[in-house]
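# Generate coordinates for the sequence data below:
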Amino acid sequence: MRRFGLVAGLALAVVIPSSVFAVPSFTRQTGLTCNQCHITFSNVPDFTFTGKKFRLNGYRTPYVAEKIEAGEEGALTGNRLILGIQNIYSLRFRNTLLAQSKPATATTDPVAEAGPVTTTPGTSISWFYVGGIGEHFGLWNEFYLDASGNTSASANTFRLEAFDEYDLKFVVNPGYENIVGFSISTQNIASLAGFSPFNSGTPNNLQRGGIGNAHTTYVNISAYTFLKDRVLAAVGVQTGEDNYSYSDGMNWQAMFGYALGNTDHNQLWYAAQIKAGNDAIPIVSTPSMNSDRAVTYRDAITGITATRGKDATGKTITAAYDPTNTGDFVRTLQEIHYGFVDHGPHSLTTAFGFAYDRETYDDGAEIKRTGIGGRARYYYNRTVGFEYGASKNLTYQFTDRAGSSHDVSNPASFSSITLYYRPAMNFSVSLGAGVNMSSGTRLDDTRTFRKGWSWNIGYDFMF
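Model (predicted):
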């Protein structure tokens with residue numbers, strides 16, 4: 001409670017909020033407002049029940065594919081009118097006006113100084129080319145100019161050009177309340193129905209990789225069905241988390257969901273996901289981009305590389321585990337999603353989850369982790385709102401190649417609160433504040449830490 005009080009106090013000290021998300025081109029194509037599919041789009045979109053069906057139905061309004069046909073006079077066999085770029089094209093600008101942070105420090109070390117107040121006029125720019133294609137196809141595309149990897153004030157602000165999200169769906173509707181679909185996507189399987197990116201925030205590794213807003217090289221191929229507006233089932237295959245090749249290995253994934261409440265005004269879901277295979281970015285490593293924009297790997301848990309010993313030639317291994325070292329793995333996540341919209345002036349969306357991960361490596365090492373998390377987003381009149389999230393690893397243990405077990409430092413991962421002010425459906429201003437209880441995950445680290453903190457003010461705009 002003291003931690004929540006500190007965060008809330010920081011946030012309330014400056015009464016400026018932030019959040020909004022719904023691609024405006026969808027409103028131009030369908031006649032629906034952004035608010036019918038989302039409470040808000042920023043910092044990431046949540047989805048109403050209508051929004052989930054819209055995604056599942058191939059980015060077409062539920063039960064209907066929009067048609068603009070040539071008509072009888074001079075008809076070209078009923079071919080549709082080609083829509084102009086103003087209907088299918090959208091842009092999004094995200095900016096950090098002010099930000100500052102202070103790292104957590106061990107109680108045995110000197111207290112760290114707070115960093116400088118910085119500004120980033122152009123955190124990212126993304127553009128979208130989206131919409132229904134005929135009766136059965138729908139497409140979502142998202143491209144980015146991203147400030148990730150910008151370590152010098154003299155460098156170009158947007159060092160990373162990213163193809164972040166791609167989702168092509170083929171959908172049929174056998175019966176009024178049924179959807180059967182096929183998807184080729186760079187998004188995780190939870191995104192098929194909009195259980196992501198707004199989720200519980202539970203520590204998990206269902207989809208590894210990515211730098212800034214750029215996914216690493218992978219593709220998910222999935223088949224799914226949504227029956228009687230209640231039961232969701234999906235199965236899929238993935239080439240790997242860093243490649244397009246099936247020759248070196250592949251991953252399998254599945255999702256099951258059941259809607260106990262299946263309306264926008266009372267949405268309640270149980271959703272479970274599983275991913276297993278042998279071609280993944282290791283949990284113990286993190287990809288990063290160097291100054292030449294080459295992707296390299298480093299320890300996600302400090303001290304892992306030091307346990308790797310020597311290679312077959314007797315040389316000490318100094319590199320982090322990379323995808324070629326990954327053996328068999330299984331990753332799971334179970335979540336409860338609950339929400340409602342416009343109960344009077346009140347709208348709410350929440351998610352709570354539990355995750356279990358186990359992963360092996362080619363030298364016999366292994367890591368296991370369980371975690372919990374929760375997130376809640378509330379809005380008053382869809383204009384002023386807040387979001388609070390917290391997560392924690394319950395167990396986190398690494399067994400090295402020699403069979404020795406190591407505990408991974410296990411503090412509360414993070415807790416944060418963000419306030420939002422949304423003067424227009426496609427514009428949002430935010431004030432965020434967070435508390436960090438550790439300087440990072442480490443092996444066999446029993447130190448105690450002073451709290452670190454961060455805050456930021458930003459805005460998000462789409463058209």
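
# Show me where the protein has its helices.
2-13, 24-30, 34-37, 49-56, 85-88 (DSSP state H).

# Residues touching the fourth one, excluding its own?
By CB atoms under 8 Å, 6 or more residues apart in numbering, the list of residues contacting helix 49-56 from outside reads 26, 32, 36-38, 45, 47, 60-62, 171, 179, 181, 191-195, 224, 226, 229, 232, 259, 262-264, 267. Just so you know, the C-beta spots here come from the backbone N, C-alpha and C atoms, and that holds for glycine as well.

# looking at the helices of the chain, which has the lowest confidence?
In terms of average pLDDT, helix 2-13 trails the rest of the helices of the chain, at a mean of 37.

# for Gln207, phi and psi?
phi -130, psi 110 (degrees, to the nearest 10).

# Kindly report the same for Ala280.
Dihedral angles (degrees, to the nearest 10) for Ala280: phi -150, psi 160.

# There's contact between it and Tyr218 in this structure, I believe.
No - between Ala280 and Tyr218 no contact is recorded; they are 9.5 Å apart, counting by CB atoms under 8 Å.

# Which neighbours do these two have in common?
In contact with both Ala280 and Tyr218: Gly240, Glu241, using CB under 8 Å, 6+ apart.

# Among the contacts of helix 49-56, which lie within strands?
Among these, the members falling in strands (DSSP state E) are Val171, Ile179, Gly181, Tyr224, Phe226, Leu232, Ala259, Asn262, Thr263, Gln267.

# quick one: which of the residues you listed has the most company?
Within the ones in strands among the contacts of helix 49-56, Phe226 tops the neighbour count with 25 neighbours, counted by other CB atoms under 10 Å.

# on that earlier part again, which one of Ala280 and Tyr218 is surrounded by more residues?
Between Ala280 and Tyr218, counted using other CB under 10 Å, Ala280 has the larger neighbour count: 26 against 23.

# wait, what's in contact with that one?
Ala280 touches Arg208, Gly240, Glu241, Asn251, Pro323, Thr326, Phe329, Glu359, counting by CB under 8 Å, 6+ apart.

# Can you get me a residue count around Phe143?
Around Phe143 there are 17 residues (other CB under 10 Å).

# Beta-bridge partners for it, please?
Per DSSP bridges, the residues bridged to Phe143 are Trp127, Phe163.

# Looking at the ones in strands among the contacts of helix 49-56, which one is closest to Arg308?
Tyr224 (40.0 Å; CB to CB).

# Once you drop chain neighbours, what's closest to the closest one?
In this structure, Tyr224 finds its nearest non-sequential neighbour in Ala234, 3.6 Å apart by CB to CB, 6 or more residues apart in numbering.

# ok, what's across the strand from that neighbour?
Tyr224, Met255.

# my guess is it meets Met255, correct?
Yes - taking CB under 8 Å as the definition, Ala234 is a contact partner of Met255 at 4.4 Å.

# got a list of what Thr448 touches?
Here Thr448 is in contact with Ala106, Thr107 (CB under 8 Å, 6+ apart).

# Can you read off the pLDDT for it?
pLDDT, Thr448: 83.

# same deal with Val237?
Val237 is given a pLDDT of 94.

# what do you get for Leu394?
pLDDT, Leu394: 91.

# ok, it to Gly371 distance?
From Leu394 across to Gly371, the span is 6 Å (CB to CB, to the nearest Å).

# okay, those two: which has more neighbours?
Neighbour totals were compared for Leu394 and Gly371, and Gly371 leads with 24 against 13 (other CB under 10 Å).

# ok, and the closest non-adjacent residue to that one?
Leaving aside its sequence neighbours, Gly371 is closest to Pro203 (3.7 Å, by CB to CB, 6+ apart).

# Which strand residues bridge the spatially closest residue to Thr225 that is not a sequence neighbour?
Computed as CB to CB, 6+ apart, the closest residue to Thr225 that is not its neighbour in sequence is Val180, at 4.9 Å. Note on Val180: beta-bridge partners Val172, Thr225, judged by DSSP bridges.

# Tell me how many other residues crowd Val180.
16.

# show me what contacts it?
Val171, Val172, Asn173, Pro174, Tyr224, Thr225.

# confidence score at the third one?
In this model, Asn173 is scored at 91, pLDDT.

# How much space separates it from Ser183?
15 Å.

# neighbour count winner among the two?
Ser183 (25 against 20).

# doesn't Leu192 make contact with that one?
Yes - taking contacts as CB under 8 Å, Ser183 lies within contact range of Leu192: 6.0 Å.
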